[in-house]
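In: fold the stuff below for me.
(2 chains)
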Number of protein chains: 2
Amino acid sequence: VAPIVVDAMGGDHAPDEIVMGAIDAERKGIEVVLAGDEGRLRPLLEAQGADLPIAHASQVIGMADDPARALREKKDSSISVAARLVAARTAGGLVSAGSTGAAMAAAAFLIGRLPGVARPAIASFFPGRKVVLDSGANLACRADHLVQFAIMGAALAQSHFDAVPPRVGLVNIGEEAGKGRDLEKEAYDLIAGLDGIDFVGNVEGRDLARNTADVFVTDGFTGNVVLKTAEGVSGMVVALARELMDHPDHREEVHGLMPVFDRLFEQVDPEGVGGAHLLGTEGVVVIAHGSSSRIAISNAIGLAAEGVGDGLVDKISAGLAAAAPIAG
Amino acid sequence: VAPIVVDAMGGDHAPDEIVMGAIDAERKGIEVVLAGDEGRLRPLLEAQGADLPIAHASQVIGMADDPARALREKKDSSISVAARLVAARTAGGLVSAGSTGAAMAAAAFLIGRLPGVARPAIASFFPGRKVVLDSGANLACRADHLVQFAIMGAALAQSHFDAVPPRVGLVNIGEEAGKGRDLEKEAYDLIAGLDGIDFVGNVEGRDLARNTADVFVTDGFTGNVVLKTAEGVSGMVVALARELMDHPDHREEVHGLMPVFDRLFEQVDPEGVGGAHLLGTEGVVVIAHGSSSRIAISNAIGLAAEGVGDGLVDKISAGLAAAAPIAG
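Out: Just a heads-up that it's a prediction; the model follows:
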C-alpha cells in the first residue's frame, strides 16, 4: 500500500498535533510522509524519537487566503506538495486539517478529478454507520450532481461499512415520492434508476437516528447544515450529561452509570472518525477538522489508509462508469 | 379575547384527542370553538360532561387530498369552516392538526395574507427559547422572503419569549459574512439593514444548542431539514436513555437520576409547545403535529390564545410596515 501524505502545516494545532498524530499512525503500521517545513518538523520528530520522511514545503496556505488564488501563487505550500505526491502516485492518499477550500482546490487542480466527475463531494461520517454527502463542497447542485454523489457515497459505504448493497436515501422534507424542490424531484427518479444500490427513497433528518439508510445524499448547503445541527444537538445533550456528572448530589449514581456515559460520548465523538472523504478525485483525500487533535489526525490517517487499501478510488470509478448513461 | 377555533376533524387521532385537548384548554380558561361534524363531536363532549360550541362542518380534507383543490371543492370542510370564523373575526385564532397544506391554503385564501406579505411562513419552536422559520411552507425562497421571515420571527420572539430586541440569525454554513449561497449573501445585507432587531449575523445548526440567537431564519427546505435532524438526534439520545432506564443492572442509579432524565425528556418533548405558528396571515394560525395527543392540542390552543392575547398579528403588521422599504 502506498504511503499517506499528511499536510503537517494545516490546522489550528499544526504542526505539533499533526506530527504527533502522524507518529501515532506510523506506530500502528501505516506508512506516513509529512509535507511541510523540514526545519520545524524535524525537531518535533526527534523529540519523540521518530523518523518519518518529510517532503519539504516552504509555504503554508492559511485560513484567510483565497484558496484558488493561494494555490496558484504558493506553489511550494504544504498542501500543494502533498497533492503533487498523490498525483505522482508516490503517495496513495492525503490528509489535511488545513483550509478545506485549499484542500479541495489542490485535489481538483493537482490530483485531478476522476473521468466524468462534475463535482467532487465531501462525504462526512455520522455515528451509526452513516455517511452524508455532499456536506459542504458544492452549495448549489443539479440533479445529476446528486446522482454522482449517490454513486460515490455508495462506493464508500460498501468499502467502509461493508454495506452490500448500500442503502441510499435522498434527504428530503417527507418520505413520500414527489416531495421536495425540483432538485429532489428530478434526482429521485434518476437515483431510482441506478443499478447496484438499494435506493430507499426519501429520508429525513430523523433517519440519521434510525437504521434506514447508509448513505444520505443532498446538496452541500443542506448536508453541512444537517451535520452541524446534529453536532449541536449532540453537544447539548453532552453538556447536560457533563453537568450531571459534575453534580455532587449524584456522584455515586453517576459512577455506576459511567459505561453508559462513555457510550453516549463515543456516539457523538467528533474525533472518532477523524475526517471526511473528498470523493471524486484521482486519489484518496481526507479532510480533517481544523481543530483536530493528535487522536483525530491519527484516525484520519487510518481512514485514508483504509481507503487506499480498499481501492476506494477504483470502486468509485467503476461505479461511475457503470452508471455513465445516467450520471454522466 | 376572541375564542380559538379548533379543526376537530384534522389529525391522526381526530376527533377524539382533539376534543379532549379542547376540553382541557377550555378548563384552563380559554374560550374554544370546535369546527367539525356535530353528530360526531356532541357525543364526545357529552361523555366528558363538556359543552363547547360547535361550528358544524359536514366535510373533512384528508392527508391524501390535494390541498388547494380540496379547499375549492370541499367548501364545508372543517378547516374551511374554522378559517371562515377567523376571517369573520368571530374567532381570533385557529388550531389544526390536519393536513398542513390544507391549513396553509385555508389561511392564505380564506383568512388572507397581511398587506405586503409575499409568503406566509411556518415558525417552529425549538427547545431553549428558539424559533426556526420558515420550517416548511416555502421550499424555494428569495432573499426578500427571508427578510420578511426575519421581521415576522422577531415579532414572535418578542411576543412569546419577551426577547427585546430579538436576536435574529441567518442559518448558514459558517459564521463569517460572505458565506453561503447567493440567497444567504443577499439576505445577509438586507437583514442587517433592518431596524428594531439585533441581527447576530450567520448562525449554524450548532447554535441551536447555544444562547446566540432567538430567531433562526432560513428557507423552508433547510428549516424543515434542520428541525427533523434535531428531532432525530434528540430521539437517538432519548432512546439511549430509555434503554438505560430499563436496564435491570442500573435500576437504583437510574432511580436517583430520574430528575435529570425528566429534564432531558422535557427538553426534547415535541408535545411541550404543541404547534408551530403560520405567520403572515390576518389571524393567528397554529399548526399542530398530525400525531398530536390531547396534551399537544391543549398546548397548541394555549399557544394560539397567547398569540391572540399578545396582539401577535398586529405586531407582525407593524414590523412589516416599518421595514416596507426593504422588505416589501
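
In: low-confidence ranges in chain A?
Out: For chain A, the stretches with pLDDT under 70 are A:240-241, A:244-245, A:248-261, A:263-272, A:325-328.

In: which residue is nearest the centroid of chain A?
Out: A:Ala276 (0.7 Å; Cα atoms, centre = their mean).

In: up against chain B, what does the stretch 1-150 of chain A have?
Out: Contact residues (Cβ under 8 Å from any Cβ of the partner chain) of the stretch 1-150 of chain A with chain B: A:128, A:136, A:139-140. The C-beta positions use only the backbone N, C-alpha and C, and glycine is treated the same way.

In: ranges for the strands of chain A?
Out: Listed in chain order, the strands of chain A (DSSP state E) span A:4-7, A:32-36, A:54-56, A:93-96, A:121-126, A:130-133, A:167-171, A:198-203, A:215-217, A:275-279, A:284-288.

In: the nearest residue to the residue nearest to the centre of chain A once chain neighbours are set aside - how many residues pack around it?
Out: Nearest residue to A:Ala276, sequence neighbours excluded (Cβ to Cβ, 6 or more residues apart in numbering or on different chains): A:Ser124, at 4.1 Å. As a burial measure, A:Ser124 scores 23 neighbours (other Cβ atoms under 10 Å in any protein chain shown).

In: cool, the one 10 residues further on as well?
Out: Residues within reach of A:Asp134, counting by other Cβ under 10 Å, total 31.

In: surely it and A:Ile122 touch.
Out: Yes - A:Asp134 is within contact range of A:Ile122, at 5.8 Å (criterion: Cβ atoms under 8 Å).

In: any residues in contact with both of those two?
Out: A:220, A:223 (Cβ atoms under 8 Å, 6 or more residues apart in numbering or on different chains).

In: quick revisit: put the buried members of the residues of the stretch 1-150 of chain A next to chain B into a ChimeraX selection.
Out: With 16 or more other Cβ atoms under 10 Å in any protein chain shown as the criterion, this ChimeraX line picks the buried residues out of these:
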select /A:136,139
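
In: follow-up on the earlier one: return the residues in contact with the residue nearest to A:Ala276.
Out: A:131-133, A:135, A:223, A:227, A:276.

In: returning to that earlier point: among the residues of the stretch 1-150 of chain A next to chain B, which one lies nearest to chain B?
Out: Proximity of the residues of the stretch 1-150 of chain A next to chain B to chain B, judged by Cβ to the nearest Cβ, is greatest for A:Leu139, which lies at 4.8 Å.

In: and that closest one, what does it touch?
Out: A:219-221, B:173, B:180-181.

In: where neighbours are concerned, which of those residues has the most?
Out: Within the contacts of A:Leu139, most neighbours by other Cβ under 10 Å means A:Asp219, with 29 neighbours.

In: now for the contacts of A:Leu139: which two are most distant?
Out: Within the contacts of A:Leu139, two members stand farthest from each other by Cβ to Cβ: A:Asp219 and B:Gly180, at 12.2 Å.

In: about what we covered before: distance of the residue nearest to A:Ala276 from B:Leu312?
Out: As judged by Cβ to Cβ, to the nearest Å, A:Ser124 and B:Leu312 stand 39 Å apart.

In: now swap in A:Val132 and tell me
Out: A:Val132 is 37 Å from B:Leu312, by Cβ to Cβ.

In: what's the answer for A:Phe125, then?
Out: From A:Phe125 across to B:Leu312, the span is 43 Å (Cβ to Cβ).

In: swap in A:Ala83?
Out: A:Ala83 is 55 Å from B:Leu312, by Cβ to Cβ.

In: of the two, give the one with the bigger neighbour count.
Out: For A:Ala83 versus B:Leu312, the count of surrounding residues by other Cβ under 10 Å is larger for A:Ala83: 31 against 24.

In: thought the more buried one was touching A:Ala108?
Out: No - taking contacts as Cβ under 8 Å, A:Ala83 lies outside contact range of A:Ala108: 9.5 Å.

In: quick one: residues contacting the residue lying closest to A:Lys315 once chain neighbours are set aside.
Out: Nearest residue to A:Lys315, sequence neighbours excluded (Cβ to Cβ, 6+ apart): A:Ala155, at 4.3 Å. Shown in contact with A:Ala155 (Cβ under 8 Å, 6+ apart): A:166, A:279, A:312, A:315-316, A:318-319.

In: quick one: buried ones out of those?
Out: A:166, A:279, A:312, A:315-316, A:319.

In: tell me what the residue nearest to the centre of chain A is bridged to.
Out: Taking DSSP bridges as the rule, A:Ala276 bridges to A:Ile287.

In: what's the distance between it and A:Ala121?
Out: 10 Å.

In: spit out the residues that contact those two alike.
Out: Here A:Ala276 and A:Ala121 share the contacting residues A:Ser135, scored by Cβ under 8 Å, 6+ apart.

In: how near is the nearest residue to A:Val168 once chain neighbours are set aside to B:Val233?
Out: The shortest distance from A:Val168 to any non-neighbouring residue, by Cβ to Cβ, 6+ apart, is to A:Val215 (4.4 Å). Separation of A:Val215 from B:Val233 (Cβ to Cβ) stands at 18 Å.

In: how close does A:Arg142 get to B:Asp219?
Out: To B:Asp219, A:Arg142 is 18 Å away according to Cβ to Cβ.

In: residues in a beta bridge with A:Asn202, which ones?
Out: A:Leu170.

In: which residues touch it?
Out: Contacts for A:Asn202 (Cβ under 8 Å, 6+ apart) come out as A:169-172, A:174-177, A:179-180, A:184, A:188.

In: equivalent analysis for A:Phe126, please.
Out: Residues near A:Phe126 by Cβ under 8 Å, 6+ apart: A:132, A:208, A:216, A:227, A:230.

In: ditto for A:Val132
Out: Counting by Cβ under 8 Å, 6+ apart, A:Val132 touches A:123-126, A:171, A:208, A:216, A:218, A:223, A:226-227.

In: what about A:Ala209, how many residues nearby?
Out: A:Ala209: 23 surrounding residues under other Cβ under 10 Å.

In: and the helices in the stretch 51-200 of chain A, which stretches?
Out: A:67-73, A:78-87, A:100-106, A:143-161, A:182-192 (DSSP state H, counting those that start in this stretch).

In: out of the ones you listed, deepest packed?
Out: helix A:78-87 (a mean of 27; mean count of other Cβ atoms under 10 Å in any protein chain shown).

In: kindly calculate the angle that that one makes with strand A:32-36.
Out: Put simply, helix A:78-87 runs at 140 degrees to strand A:32-36, going by axes from the mean of the first three to the mean of the last three Cα atoms, to 10 degrees.

In: so what touches helix A:78-87?
Out: Outside helix A:78-87, the residues that touch it by Cβ under 8 Å, 6+ apart are A:5-10, A:33, A:35-37, A:55-57, A:59-61, A:71, A:74, A:91-94, A:96, A:98-99, A:102-103, A:106-107, A:110-112, A:282-285.

In: again, only this time at 6 Å
Out: A:5, A:7, A:9, A:35-36, A:55, A:57, A:60-61, A:91, A:94, A:96, A:98, A:102-103, A:106, A:110-111, A:283 (Cβ atoms under 6 Å, 6 or more residues apart in numbering or on different chains).

In: now swap in stretch A:47-66 and tell me
Out: A:9, A:23, A:26, A:32-36, A:38, A:41, A:45, A:70, A:74, A:76-79, A:81, A:85, A:99, A:102.

In: gap between it and the chain center?
Out: 20 Å (Cα atoms, centre = their mean, to the nearest Å).

In: now that stretch: buried residues?
Out: So stretch A:47-66, judged by 16+ other Cβ under 10 Å, has buried residues A:50, A:52, A:54-55, A:57, A:59-61, A:65.

In: hmm, back to that, pick the one among the contacts of A:Asn202 closest to B:Asp195.
Out: Checking these against B:Asp195 with Cβ to Cβ, the nearest one is A:Gly180 at 35.6 Å.

In: if anything else comes up later, I'll come back, but that's it for now.
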